[in-house]
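Novice: Structure, please.
(chains A, B, C and D)
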There are 2 protein chains.
Amino acid sequence: MKSGMADINKDDWQAPHRQSAIARKLLAYAELPDDDLAALAALQGNRRTVEAGEEIPHRDNDRKYSAFLLTSGWVCSYKLLRDGSRQIIDFRIPGDFLRLRSFMLQTSGSSLEAITRVELIEFATGNLLRTLGERPRLAAALLWSASRDEAAIVEHLIDIGRRSALVRTAHFLLELRLRLQLVGLATPSGYDCPLSQYLLGDALGLSAIHLNRILRKLRESGLVTFRKGTVTFNNLSALMELAEFDRDYLDQGRPRLPKPQNG
Amino acid sequence: MKSGMADINKDDWQAPHRQSAIARKLLAYAELPDDDLAALAALQGNRRTVEAGEEIPHRDNDRKYSAFLLTSGWVCSYKLLRDGSRQIIDFRIPGDFLRLRSFMLQTSGSSLEAITRVELIEFATGNLLRTLGERPRLAAALLWSASRDEAAIVEHLIDIGRRSALVRTAHFLLELRLRLQLVGLATPSGYDCPLSQYLLGDALGLSAIHLNRILRKLRESGLVTFRKGTVTFNNLSALMELAEFDRDYLDQGRPRLPKPQNG
DNA sequence: CGAAACGTTGAATGGTTTCAACAAGAGTGG
DNA sequence: CCACTCTTGTTGAAACCATTCAACGTTTCG
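Specialist: Below is the predicted model:
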């Protein structure tokens, strides 16, 4: 009766790797010497756990706004509207930053909610700029990561703006797959996914009811199956064709940053 | 027969100020000493003009990818889909950067098209990080600007994801107003706007036909009028109420960066 | 003047939402 | 263990919003 996909406990969404998710992700872009990784680690502060369903606080115990690094679990950033509906802006997965840039505005904007139990690390933004000024390779890797985040939001915008519900859903599931793969939480054939149909619907700008029908259609077409917390790609190439997933910004090929050129 | 709003020539969308739009924008956030402004100017390279309707090239004359600073005119960044439809991701106005972050991915992603005749300045990204490492106030101001850009895209996403066509259109017009005001291209009562209904529709995820009806409704309700390249707010507070424009991320109050605290 | 781009309106079609109802599983306390 | 509730998933039918198709008016420009 257990899913054969991966032997990850249903309640434990931690990355099963010795390397941290963020390091794993950055190393997919650039080879970073040990002192760069050490500098990255030096920016990390206290650990913290947030239970599923709870908000992730904006301010650190009556101190200033704070940014986090997500090391385990899923989070969604969303905004509530007056009529009670909700738009989910992005799902955040291990290795992603929370509020790394929006904290600049010192304003709420969007809220963050833990979808599963979540592990966070406080991230020191005070010395961030100085560190990056001294470590161009680390800076490039972090900028690359930030650009990826923004590109994902842009694709999300295109999804809900101009793609049909079917294509949109397919595209979004493929998008998640690529992001998860980068931190070792997905295989080419599928991944574990703790999202309810309500959450997915709120992300895709669809009612949960309609999303349900769309998921059925995708399943009955033999393209993707999303059931019981698991996404399985039954026909990946056909799905990518349907979703016009010809994009390369999530660069599976490894576009490594060239070795440093001068001292 | 001429619009009474502003005496800007219809074909000349240049900011009528001695200060550059980018400086004007950054100064709205932080008081920058002259050497910071000089450092900003030092990052600027060759000027270039692009005619209305033309693409803004990805690569600089067979050299590498390049970023630009938009000094005059309107640009849209968009993506074309297989079925021929188009999603406009963002309109860029004077003082905005083009491809400042997406150039990190060294990939196309979205395209840029000049809506009006446009003036650009090449922006040196090579020494950008080092400069910012040495100039924390300038760095903070640029990060603030980048965060604002991203916040605008997020609001755009919420618009098309969960807001009705009417609210969405109202909200988007208010959003543009705030951005334009920051560089002196809008008054509280309105602004000149070179967008066709096709462009606006492609931004809002609506057909131009439906957008036309929405604009009529907004006009007949006495809220906003968008005609002949001019947006006029006839009842600003009622419009903001309709659009639930209670947001403060575009901080009209001046949240100035405090003076430097140590040498 | 003619052409092209943009704006405007009506009517039919269709995708999505809403309302309503029910099924299945997980967790709780008796 | 069993009811009980709560959340999530599933399906049908009616209502609605937005798109498409088609036509025509308007402005600009060569």
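
Novice: in the stretch 101-250 of chain A, what residue is nearest chain B?
Specialist: Residue nearest to chain B within the stretch 101-250 of chain A (CB to the nearest CB): residue A:133, separated by 1.6 Å. (Glycine included, C-beta is placed from N, CA and C.)

Novice: my read: that residue touches residue B:134, true?
Specialist: Yes: using CB atoms under 8 Å, residue A:133 makes contact with residue B:134 at a distance of 6.7 Å.

Novice: So which of the two has more stuff around it?
Specialist: residue A:133 (18 against 14; other CB atoms under 10 Å in any protein chain shown).

Novice: May I have the secondary structure class of the more buried one?
Specialist: Assigned state for residue A:133: helix (three-state reduction, DSSP: H, G, I helix; E, B strand; the rest coil).

Novice: any idea of the pLDDT on the residue nearest to it when sequence neighbours are not counted?
Specialist: Among residues not flanking residue A:133 along the chain, residue B:133 sits closest, at 1.6 Å (CB to CB, 6 or more residues apart in numbering or on different chains). For residue B:133, the pLDDT comes out at 83.

Novice: and residue B:133, how far is that from residue B:43?
Specialist: Distance of residue B:133 to residue B:43, given as CB to CB, to the nearest Å: 13 Å.

Novice: same check, this time on residue A:175
Specialist: 34 Å.

Novice: same question, residue A:49
Specialist: Counting by CB to CB, the gap from residue A:49 to residue B:43 is 43 Å.

Novice: Compare the two (neighbour count), which wins?
Specialist: Neighbours were counted for residue A:49 and for residue B:43 using other CB under 10 Å; residue B:43 has more, 20 against 12.

Novice: so where's the stretch 151-263 of chain A shaky on pLDDT?
Specialist: A:247-263 (pLDDT under 70).

Novice: In it, what residue comes closest to DNA strand C?
Specialist: Using CB to the nearest atom of the strand, residue A:210 is the residue of the stretch 151-263 of chain A that sits closest to DNA strand C, at 3.2 Å.

Novice: who in chain A is up against DNA strand D?
Specialist: A:196-198, A:208-209, A:212-213, A:215-216, A:227 (CB under 7 Å from any atom of the strand).

Novice: could you redo the last one with a cut-off of 10 Å?
Specialist: Proximity of chain A to DNA strand D, by CB under 10 Å from any atom of the strand, involves residues A:52-53, A:115, A:161-162, A:164, A:193-201, A:207-213, A:215-217, A:219-220, A:225-229.

Novice: Strands along the stretch 51-200 of chain A, start to end?
Specialist: For the stretch 51-200 of chain A, the strands defined by DSSP state E, counting those that start in this stretch occupy A:67-72, A:75-80, A:86-92, A:97-98, A:111-114, A:118-123, A:186-187, A:190-192.

Novice: Can you add mean neighbour count and give the ones you listed back as JSON lines?
Specialist: Formatted as JSON lines, the strands of the stretch 51-200 of chain A follow (neighbours: other CB atoms under 10 Å in any protein chain shown):
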{"stretch": "strand A:67-72", "mean neighbour count": "22"}
{"stretch": "strand A:75-80", "mean neighbour count": "19"}
{"stretch": "strand A:86-92", "mean neighbour count": "23"}
{"stretch": "strand A:97-98", "mean neighbour count": "19"}
{"stretch": "strand A:111-114", "mean neighbour count": "20"}
{"stretch": "strand A:118-123", "mean neighbour count": "21"}
{"stretch": "strand A:186-187", "mean neighbour count": "18"}
{"stretch": "strand A:190-192", "mean neighbour count": "21"}
